[in-house]
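Colleague: Using only what follows, build the 3D model:
(one chain, ligands or ions: 2)
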Amino acid sequence: MRLGMVVDTQRCLHCGACLVACKAENEVPTGRSRNWVAEREAGTFPGIGVRIEPGQCMHCENAPCVRVCPTGASYVDADGVVLLNPDDCIGCRYCIESCPYDARYFDEDSGTVDKCTFCVHRVAHRQQPACVLTCPAKVRVFGDLDDAQAPVSRLAAERGGAVLKPEAATRPKIFYLS
Ligand code: SF4
Ligand code: SF4
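Modeller: Ligands and ions are numbered 1, 2, ... in the order given. From the prediction side, this is the model:
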């Protein structure tokens, strides 16, 4: 299994429900967030517009955050999800520096780093990640990228899936539909 996600930015309402759902589900501290909804300039003159772009950890297949972690606290699980064991995190923040997507934050209270986990605690019980389930516009579709029949794979194949910052060569597993 290779868990990943597609994101249909054209459907996003910029309502922020995914942000609230993630914070509540994962008890993210006040002032911090595991996901975001960015506004990006898109298009070329004279057709310049704004693209609403939900994001989170890209669960990269070539993850620099895992490579630079000196203790092995950052790791990849059997389903390709990039996770972090807080018990082994010494708070050096090398992983934060290495991430091209600014997807990690340092929790001052615990002295450890935190980020999106694809809600693996929910996925283990055959539930969708909180952001996927909550979104009223069904912007995110989550599933097994190794299953060609899974909606996530079919959407990526049919509509094309672009990754953010391809020049970073991190091979993200979140794809943005065109
Ligand atoms: S998005 Fe950042 S934190 Fe997530 S796997 Fe990639 S490099 Fe690591
Ligand atoms: S919940 Fe869905 S529609 Fe609302 S901001 Fe998040 S991705 Fe966009």
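
Colleague: Please identify the residues of this protein in proximity to ligand 2?
Modeller: 12-18, 37, 54, 135-137, 139 (Cβ under 6 Å from any ligand atom). Quick note: C-beta positions are derived from backbone N, CA and C, even for glycine.

Colleague: quick one: contacts for residue 111?
Modeller: Residues in contact with residue 111 (Cβ atoms under 8 Å, 6 or more residues apart in numbering) are 89, 91.

Colleague: So which residues of the protein form helices?
Modeller: For the chain, helices defined by DSSP state H occupy the ranges 17-26, 64-68, 94-98, 120-123, 130-134, 151-159.

Colleague: Which one of those lies nearest to residue 109?
Modeller: Among the helices of the chain, helix 17-26 comes nearest to residue 109, with 14.5 Å by Cβ to Cβ.

Colleague: Just the C-alphas of that closest one, formatted as CSV.
Modeller: Taking C-alpha atoms only, helix 17-26 is exported to CSV below (Å, rounded to 0.1, in the frame of the first residue of the first chain):
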residue,chain,number,x,y,z
ALA,A,17,-13.2,23.5,7.9
CYS,A,18,-10.2,21.2,7.2
LEU,A,19,-8.0,23.3,9.4
VAL,A,20,-10.5,23.2,12.3
ALA,A,21,-11.1,19.4,11.9
CYS,A,22,-7.4,18.7,11.9
LYS,A,23,-6.7,20.8,15.0
ALA,A,24,-9.6,19.1,16.9
GLU,A,25,-8.8,15.6,15.8
ASN,A,26,-5.1,15.8,16.6
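
Colleague: Residue 22 contacts residue 28, doesn't it?
Modeller: Yes. Between residue 22 and residue 28 there is a contact under Cβ atoms under 8 Å: 6.5 Å.
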